[in-house]
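need coordinates for the following:
(one chain, ligands or ions: 1)
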Amino acid sequence: MDLYLAPINSLSTYAFRKLCTVYEADYVFTEMVWAERIIEGNEYEEKKLAIDDEKMTIIQMITEDTKNIEPFLKIIKKRFPNVPEINFNMGCPQSSLSQKCIGGGILKDKIKMREYSSELFKACNKYGFKSSLKIRTGVDFPDLQSYIDIIKEAGVSKVYIHARTLTQGYVKAANYDPLKGIEGIEIVVNGDVTDITSFNKAISVTTCSGVLIGRAALNDPTIFLKLKSKPYPSKKEVILKFLSLSKDTQIATVKRNLSWLTMHIVGGASVRAEINDAKTVEDIEKIVEAATI
Ligand SMILES: Cc1cc2nc3c(=O)[nH]c(=O)nc-3n(C[C@H](O)[C@H](O)[C@H](O)COP(=O)(O)O)c2cc1C
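Residues are numbered from 1 along each chain as shown. Reported below is the predicted structural model:
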């Protein structure tokens, strides 16, 4: 059973992905990367493609036009030939995207869904990448079987299913029921996996090859070790390890991850308050070393 770090915009950054691989995530997702921006050479977007563990990294792409898929993959193949898989975002509920036919918005238009899936499969096949989609179970109501039929017909053989509908956003508990009976495609389950109990619940609903973990890993990247019943380091060690990997990261980005890493722990609020004014990673290291957490 593979364990994946989910794509998390602005948070599944280079340093955080590296941290998760240290703590035995089997695969880590990049943040979603806009194909058109990479094709144009956009500097900000380029930073999302800082990758060194190619074989463990899955690139998540998003685009507003099927014609960008092939040129994007051509660039990726040249730069990261050993990346195993390209994932296409069809689950983002952000209204600026989902009101158009982008991200989760694609789930509203099955003709477009077929077109995007088929272009993705063709381009991935051309460049030797595995193709996969990340979807939700439906728009307003679960409609999973019809999505799976389209995806399979297009040739895509793997799907990550966030067990919520698009309109649910992130509220209410994940509902795995729509996954029951889905077969003939490789499934990775996603939504609300936070510990061994929720992990066992998620994998019990369907035959799946893995579990994708988002927010729980942001809070505690040792979740991968914990789910493998392996020893894990203290929170302080985890944060210091993260900081040691963050020397080349912008300080605002480091602080964003730290606000998740220090959530729900005794002493976390005072660390967050203290690092507010810190200007460098070294300043933060001193604060964390002195803290009682
Ligand atoms: C702040 C935030 C940013 C996210 N960014 C992305 C993204 O860029 N691409 C994507 O497919 N999903 C994104 N997601 C969704 C997660 O990948 C995941 O599907 C969701 O959080 C449910 O999993 P969890 O319950 O384990 O967190 C994001 C979620 C959060 C909370």
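
ok, residue 173 touching residue 192?
Yes - with contacts counted by Cβ atoms under 8 Å, residue 173 reaches residue 192, the gap being 6.1 Å. Where you see a C-beta, it was placed from the backbone N, CA and C, and this is true even at glycine.

residue 126: how many residues sit nearby?
When counting by other Cβ atoms under 10 Å, one arrives at 12 neighbours for residue 126.

what do you get for residue 286?
Neighbours around residue 286, by other Cβ under 10 Å: 12.

can you tell me the SS state at it?
Under DSSP: H, G, I helix; E, B strand; the rest coil, the three-state class of residue 286 is helix.

of residue 173 and residue 192, which one has the most company?
Neighbours per residue (other Cβ under 10 Å) separate residue 173 from residue 192, with residue 192 holding more: 20 against 11.

list the contacts for residue 249?
13-15, 281 (Cβ atoms under 8 Å, 6 or more residues apart in numbering).

gap between it and residue 11?
12 Å (Cβ to Cβ, to the nearest Å).

and if you look at residue 181?
In terms of Cβ to Cβ, residue 181 sits 34 Å off from residue 11.

when those two are compared, which one has more neighbours?
In this view residue 181 and residue 11 are compared by other Cβ under 10 Å, and residue 11 has more residues nearby, 20 against 10.

give me the phi and psi for that one.
Here is the backbone geometry of residue 11 (degrees, to the nearest 10): phi -130, psi -30.

number the chain from 5, please
All right, first residue 5 from here; so that's residue 15.

near the ligand, which residues of the stretch 5-154 of the chain?
10-13, 35-36, 64, 93, 95-96, 138 (Cβ under 6 Å from any ligand atom).

now for those residues, which pair is the farthest apart?
Largest separation among those by Cβ to Cβ: 35 and 95, giving 13.9 Å.
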